[in-house]
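> below: sequence and its predicted model.
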Amino acid sequence: MNTIFLRKGVSLLSTLAALAILGDSLSAAAQTVDTPSQPSVNVVSPSDSTSLQQFSQTATPESASRILTPIPGTAATVSAALTPKNSEPTVQQPNSQPSTPKVAQADIDPGRATRGGKSYLGLGGNIGLSGGDSSLSDGNFAVISKVGLTNNISVRPSAIIGDSTVILAPLTYDFSFQQVADPFSEPLPVAPYIGAGAAFKIGDDSDVAVLVTGGIDVPLNSRFTATAAVNAAFFGQTDVGLLLGVGYNFGSY
């Protein structure tokens, strides 16, 4: 019986202990919920405040020195100020100009050879074809010549001696019938020419008329050249004559 009473006492004590522990737990939980949260306050001592003020004053000039405040009227806005100093100016290449065509220049050299051959001086005869105002229209003795000026231009003065002597002074241009290796430097086998000038009639009935001429030069060899020309002088009547002759060459090619 004592044993039964002892067991009941132990069981009661265990129950009371459990209730006590549960009551403590509820009280602790209630205190934790009801307690308001307090803000964290950092207490700064006077010495720490002085140090913070000194650090703030020291850091302020450094920050201010890094901030550039633009002043009106002083900002660089032109491209020259924005260009680096070490940049070199761009050199513009001159535009290529079209090449000017070269014009061949003819040097005047009296007495030189032309494409028709050398200059010459010779004798010949005139055969009158029409007219009657001068010796050009009659059969007469003649003195002929050719004086080269350029490669294809020459003057061919001649005189037809008779009752009304006529002096002919035409300026002629040489043509070519056939090509050679260099037609501008070598003489041609046959060289026709055409030109114009003046005819002077000498004597009691002197007169001056326009002269038109055309003919052909045929180099015979290095020393002689044969020539034939038709001359027309416009005096009161048109005098026309055929001039034939052989000239002795002079000058050089």
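Yep, it's here. Numbering: from 1, shown residues only.

> OK, contacts around Thr213?
Residues in contact with Thr213 (C-beta atoms under 8 Å, 6 or more residues apart in numbering) are 156, 168, 170, 172, 194-197, 229-232. Placement of C-beta: from N, CA and C, glycine included.

> pull out the buried members of the residues you listed.
For these, a burial check counting by 16 or more other C-beta atoms under 10 Å picks out 156, 168, 170, 172, 195, 197, 229, 231-232.

> which one of the residues you listed sits closest to Gly241?
If you rank the buried ones among the contacts of Thr213 by distance to Gly241 using C-beta to C-beta, Asn231 comes first, at 5.5 Å.

> where does that closest one fall, helix, sheet strand or coil?
strand (DSSP: H, G, I helix; E, B strand; the rest coil).

> that older thread, reformat the buried ones among the contacts of Thr213 as TSV; add pLDDT and distance to Ser130.
Below are the buried ones among the contacts of Thr213 laid out as TSV (pLDDT from 0 to 100; distance: C-beta to C-beta, whole Å):
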residue	pLDDT	distance to Ser130
Arg156	96	21
Leu168	96	16
Pro170	97	19
Thr172	96	22
Gly195	97	20
Gly197	97	19
Ala229	97	16
Asn231	97	11
Ala232	96	9
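
> return stretch 132-141 as CSV; C-alpha atoms alone will do.
Output in CSV follows, covering the C-alpha atoms of stretch 132-141 (Å, rounded to 0.1, in the frame of the first residue of the first chain):
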residue,chain,number,x,y,z
GLY,A,132,48.9,89.2,-173.7
ASP,A,133,49.7,91.8,-171.0
SER,A,134,53.1,90.4,-169.9
SER,A,135,55.9,88.1,-170.8
LEU,A,136,54.1,85.4,-168.8
SER,A,137,51.8,84.9,-171.8
ASP,A,138,54.7,84.5,-174.3
GLY,A,139,57.5,82.1,-174.8
ASN,A,140,60.5,83.6,-172.9
PHE,A,141,63.6,82.7,-171.0
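
> tell me which residues of stretch 158-167 come out buried.
By 16+ other C-beta under 10 Å, the buried positions in stretch 158-167 come out as 158-160, 162, 164-167.

> I'd like the distance between Phe250 and Gly215.
Taken as C-beta to C-beta, to the nearest Å, the spacing of Phe250 relative to Gly215 amounts to 19 Å.

> who has more neighbours, those two?
Neighbours around Phe250 and Gly215, counted as other C-beta atoms under 10 Å, are more numerous at Gly215. The numbers are 20 against 15.

> dump the residue contacts of that one.
192-193, 227-230, 243.

> nearest to Gly117 among those residues?
Within the contacts of Gly215, the smallest distance to Gly117 is 9.6 Å, found for Thr227 (C-beta to C-beta).

> which residue packs closest to Val210, ignoring adjacent ones?
Phe234 (4.9 Å; C-beta to C-beta, 6 or more residues apart in numbering).

> the one you found: neighbour count?
Here the count is done by other C-beta under 10 Å, and Phe234 has 14 residues near it.

> could I get the pLDDT score of it?
Looking at Phe234, its pLDDT stands at 94.

> show me what it bridges to in the sheet.
Thr238 (DSSP bridges).

> thinking again about what came up before, which pair in the buried residues of stretch 158-167 spans the largest distance?
For these, and using C-beta to C-beta, no pair is farther apart than Ser158 and Ser164, which are 15.2 Å apart.
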